[in-house]
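J.: need a structure here:
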Amino acid sequence: MQPLLDAIAQMAYPTDAQRLFHGRGGRYPGCEQLSLDAFPPALVLTSFAPLADEALAAVGAALAQRWQQIAPADQPLTWVFQTREAGGKGETRTMAGALPEPHVVTENGAQYLLHIGRGQNHGLFLDMAAGRDWVRQQVLAHPRPARMKVLNLFAYTCAFSVVAKLAGAGQVLNMDMSKGALATGQHNHQLNGVKAGASFAAHDIFSSWGKINRSGPYDLIIVDPPSYQKGSFIATKDYARLMRRLPDLLAPDGQVLLCLNAPELGTAFLREQMSEIAPELHFTQRIPNPPVFADVDEERSLKVLVYRAPGLPGASSEATVASAAPAAVVGAVGAAGTAA
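T.: The predicted structure is shown next:
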């Protein structure tokens, strides 16, 4: 518990959505079940195991003391405690203040609608901040971004699409089975003034290859599935089915972002299958997670891998040159996220 209290005592006033403390990475003994996030103006403490009332009271006291030191006088403390248990059970309690309605947060200039009190997923996955910035940088670096076609699979609330459109991408197809998540995604595009050129399809991806193919080929494909969601996607069974489709969906010199957040599956799970199933696609990098998400074993943390399709024979690739730099940019953005 003490590492969490120390982090609270040192935290700066948060203006962007970000993780403040990541006990789940195993670097803070005794805090492995805890995380603290900022979704301004609210703070959200999440515990993946029962937390004693005394410990919860200590966190509340630490937050109140630090908030008094760093927050504007007209901004009262709002914080929420959420428990998550095996089997999807959990509880969300507002411990102080009141959540705004609607609750809109910012990250690197983009706005997102959140639903803190509705279930375990709030509408924005903070560990994917570096992946979103990588997408932004790819679009900005493209010689003709307005002609770019982006495919966002398992789009959820379409945060990848928002950053791609803000950076100037011409067309983005967002596909997810959840109509509710896509409705929030549409709202996110409206919030950011980037609705034109974005489309939303509430379909089963594995039954929609015809539509996906007709809208391609794509300069960028984002694959960010759940690791295990019965009736939708099971990584160990279904990721290979996706990989087989990628070479035919990518434009020459196009890129794909493969994401996997399953502690039991390391990077080898993705790389070995890609080498066997889609050997023509070249692995270029693993995007580092934001530093605040550091893990004692990075193979257990979020995996975000980049692959590239071959270019046209004899053609020079402006995009290839442009994409060599983003790793440094991503690292810089991750560092800013922990300092904010």
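
J.: Span of stretch 83-94 from start to end?
T.: Counting by C-alpha to C-alpha, to the nearest Å, you get 12 Å between the two ends of stretch 83-94.

J.: Name the residues that touch that stretch?
T.: Residues outside stretch 83-94 that contact it (C-beta atoms under 8 Å, 6 or more residues apart in numbering): 46-48, 50-51, 78-82, 116-117, 119-120. To be clear about C-beta, it is placed using only N, CA and C from the backbone, and glycine gets the same treatment.

J.: Show me which of those residues are buried.
T.: Buried members of these, scored by 16 or more other C-beta atoms under 10 Å, are Thr46, Ser47, Phe48, Leu51, Thr78, Trp79, Val80, Phe81, Gln82, Ile116.

J.: Who are the packing partners of the host helix or strand of Pro247?
T.: Using DSSP states H and E, Pro247 sits in helix 235-249. Applying 3 or more C-beta pairs under 8 Å, 6 or more residues apart in numbering; DSSP states H and E, we find helix 235-249 packed against helix 209-214, strand 218-223, strand 250-260, helix 267-277.

J.: So which residues of the protein form helices?
T.: Taking DSSP state H to define them, one finds helices in the chain at 2-10, 53-70, 129-141, 159-166, 179-192, 209-214, 235-249, 267-277, 318-322, 326-339.

J.: In CSV: those helices, plus mean pLDDT.
T.: Listed next are those as CSV, based on pLDDT from 0 to 100:
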stretch, mean pLDDT
helix 2-10, 98
helix 53-70, 97
helix 129-141, 98
helix 159-166, 98
helix 179-192, 98
helix 209-214, 96
helix 235-249, 96
helix 267-277, 97
helix 318-322, 44
helix 326-339, 34
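
J.: highest average neighbour count across those?
T.: helix 159-166 (a mean of 26; mean count of other C-beta atoms under 10 Å).

J.: so who does Lys195 touch?
T.: Per C-beta under 8 Å, 6+ apart, neighbours of Lys195: Gln186, His189.

J.: Next, work out how far apart it and Asn213 are.
T.: Separation of Lys195 from Asn213 (C-beta to C-beta, to the nearest Å) stands at 24 Å.

J.: do Ile221 as well
T.: From Ile221 to Asn213 the distance is 12 Å (C-beta to C-beta).

J.: For those two, list the residues in contact with both.
T.: Joint contacts of Ile221 and Asn213 (C-beta under 8 Å, 6+ apart) are Leu249.

J.: quick one on the thing from earlier: adding pLDDT and distance to Leu182, write the contacts of stretch 83-94 out as TSV.
T.: Below are the contacts of stretch 83-94 laid out as TSV (pLDDT from 0 to 100; distance: C-beta to C-beta, whole Å):
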residue	pLDDT	distance to Leu182
Thr46	97	25
Ser47	96	30
Phe48	93	28
Pro50	91	35
Leu51	94	34
Thr78	98	28
Trp79	98	30
Val80	97	25
Phe81	97	29
Gln82	96	24
Ile116	94	20
Gly117	81	20
Gly119	74	16
Gln120	79	19
